[in-house]
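Novice: show me how the following folds:
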Amino acid sequence: MDYIIGVDGGGTKTEAIAYNLKGEELGRAYTGFGNLLLNFEKANENIDLAITNCMDTVKNIDNKANCVYICLGLAGVEALDIKSKLQIHLENKFCVPVKVTNDAEIALASVLKGEDGILTISGTGSISYGLCNGKMERVGGWGHLLGDEGSGYYIAIEGFKNMIVEEDSNLPYSSFTKAFMKKLNIDKVNDIKGFIYSSNKGDIAAFAPIVVEKATLGDKIAKEILINAGKSLALTTYNLYKKLGFKGEVSIGIKGSILTEVTMVKSAFEESLTSHIGSFKFVQDDVSPTKGAFYLAKKLLYK
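Specialist: Numbers count the residues shown, from 1 in each chain. Got it, this is the predicted structure:
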């Protein structure tokens, strides 16, 4: 039995899954982070171990099984000139062909099954990736200081900004301003500065669910924030559509809790995209990025 191993290496864990050539899962393994920017040696060690453990799992099913390709999508790999070095190391260690790419490419391939299209992600941050005729591009993903429009961070920070408007304009506090203050255990809006300037992106984004809850209950300002988030994500997606030179209908995958679970954001995203692009097909599959690595490897295997 021949099989392919797909590897997804991120900031907290490395996932390796073996698939037979029909795309059926045979076994999986997890280790620590695979982001090479955090610590190259340790990440490399985690990647090696994940692949080794995954192979051992397959051997328990069929000790004659043969790994024919390993494809890895790793966070941080584009920022370092080490792709070829890592590829050679892995090919020598495991004696199989290896492709090393970034985690975005395998995430895109996992949702679109290796075909052309766009993937827009909105969780704590936001970004759009796309593939068209072999060309891969991205729009967004600049981080919370420069971008992340339409993300959980964006939604939360817009809520905090509204608190400032209410305070400076001497307006009554909105329901979610009161909820923010309660969560922070503060009595004055001025006290938010200490939290904002000492907290990380994730801590701030954790306030987004309050905006979502208040919007669901009819808060006008909260609803406006969510609608604007959807419109911002649509614009990011449309800019990528133009950048890649798509014409006509395109497949658009969506991932991340803000786009997949917040109805107001998703509806505004879809409505705005319709006005920009016209015809498109939504793809929303909860599938491991390692499946995208499988699709990429299979294409290369039969090239």
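Novice: in a strand, that's where Val100 is, yeah?
Specialist: Yes - under DSSP: H, G, I helix; E, B strand; the rest coil, Val100 falls within a strand.
Novice: contacts only, for it.
Specialist: Shown here is Val100, whose contacts under the criterion Cβ atoms under 8 Å, 6 or more residues apart in numbering are Leu72, Leu74, Val77, Lys83, Leu86, Gln87, Leu90. The C-beta positions use only the backbone N, C-alpha and C, and glycine is treated the same way.
Novice: center of this structure, which residue is that?
Specialist: Geometric centre of the chain, nearest residue: Ile121, 5.0 Å, by Cα atoms, centre = their mean.
Novice: pretty sure that one is in a strand, no?
Specialist: Yes - inclusion of Ile121 in a strand is indicated when three-state DSSP is applied.
Novice: so it sits against Ala107, correct?
Specialist: Yes - taking Cβ atoms under 8 Å as the contact criterion, Ile121 and Ala107 are neighbours in contact, 7.4 Å apart.
Novice: is the residue nearest to the centre of the chain bridged to anything, and to what?
Specialist: For Ile121, the beta-bridge assignment (DSSP bridges) gives partners Ile127, Lys255.
Novice: now the nearest residue to Leu21 once chain neighbours are set aside: how far from Asp62?
Specialist: Leaving aside its sequence neighbours, Leu21 sits nearest to Asp2 (Cβ to Cβ, 6 or more residues apart in numbering; 5.7 Å). If you measure Asp2 against Asp62 using Cβ to Cβ, to the nearest Å, the figure is 11 Å.
Novice: give me the three-state assignment for Ser198.
Specialist: Three-state secondary structure (criterion: three-state DSSP) places Ser198 in coil.
Novice: separation between it and Glu115?
Specialist: Taking Cβ to Cβ as the criterion, Ser198 is separated from Glu115 by 45 Å.
Novice: the more surrounded of those two?
Specialist: Per other Cβ atoms under 10 Å, whichever of Ser198 and Glu115 has more neighbours is Glu115, with 12 against 8.
Novice: what helix or strand is the closest residue to that one other than its chain neighbours located in?
Specialist: Distance criterion Cβ to Cβ, 6+ apart; nearest residue to Glu115, sequence neighbours excluded, is Ser251 at 6.7 Å. For Ser251, the element it lies in under DSSP states H and E is strand 250-255.
Novice: residues in contact with that strand?
Specialist: Residues outside strand 250-255 that contact it (Cβ under 8 Å, 6+ apart): 107-108, 111-112, 115-123, 237, 241, 260, 266, 269, 273, 277, 280-285.
Novice: this protein: helices as residue ranges?
Specialist: Listed from the start of the chain, the chain has helices (DSSP state H) covering 40-61, 83-94, 103-112, 152-168, 175-184, 192-196, 201-205, 208-216, 220-243, 257-261, 263-276, 289-301.
Novice: how about stretch 37-44: buried residues?
Specialist: Ala43, Asn44 (16 or more other Cβ atoms under 10 Å).
Novice: what angle do the strand holding Ser251 and helix 220-243 make?
Specialist: Between the axis of strand 250-255 and that of helix 220-243 there is an angle of 130 degrees, by axes from the mean of the first three to the mean of the last three Cα atoms, to 10 degrees.
Novice: now strand 250-255 - C-alpha only, CSV.
Specialist: Presented in CSV, the C-alpha positions along strand 250-255 are these (Å, rounded to 0.1, in the frame of the first residue of the first chain):
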residue,chain,number,x,y,z
VAL,A,250,-14.7,31.7,-8.6
SER,A,251,-14.7,29.3,-5.7
ILE,A,252,-14.3,31.1,-2.3
GLY,A,253,-13.5,29.1,0.8
ILE,A,254,-14.1,30.5,4.2
LYS,A,255,-12.5,29.6,7.5
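Novice: which stretches of the stretch 201-303 of the chain have low pLDDT?
Specialist: Per-residue confidence for the stretch 201-303 of the chain (pLDDT under 70) gives these ranges: 303.
Novice: next up, the contacts around Ala29.
Specialist: Counting by Cβ under 8 Å, 6+ apart, Ala29 touches Glu15, Ala16, Leu49, Ala50, Ile51, Thr52, Asn53, Cys54, Asp56, Thr57.
Novice: quick check, nearest of the residues you listed to Ser175?
Specialist: When the contacts of Ala29 are ranked by distance to Ser175 (Cβ to Cβ), Glu15 comes first, at 40.4 Å.
Novice: measure the residue lying closest to the closest one once chain neighbours are set aside to Ser288 for me?
Specialist: Ranked by Cβ to Cβ, 6+ apart and with sequence neighbours excluded, the top spatial neighbour of Glu15 is Asp8, at 4.7 Å. Summarising the geometry, the distance separating Asp8 from Ser288, computed by Cβ to Cβ, is 7 Å.
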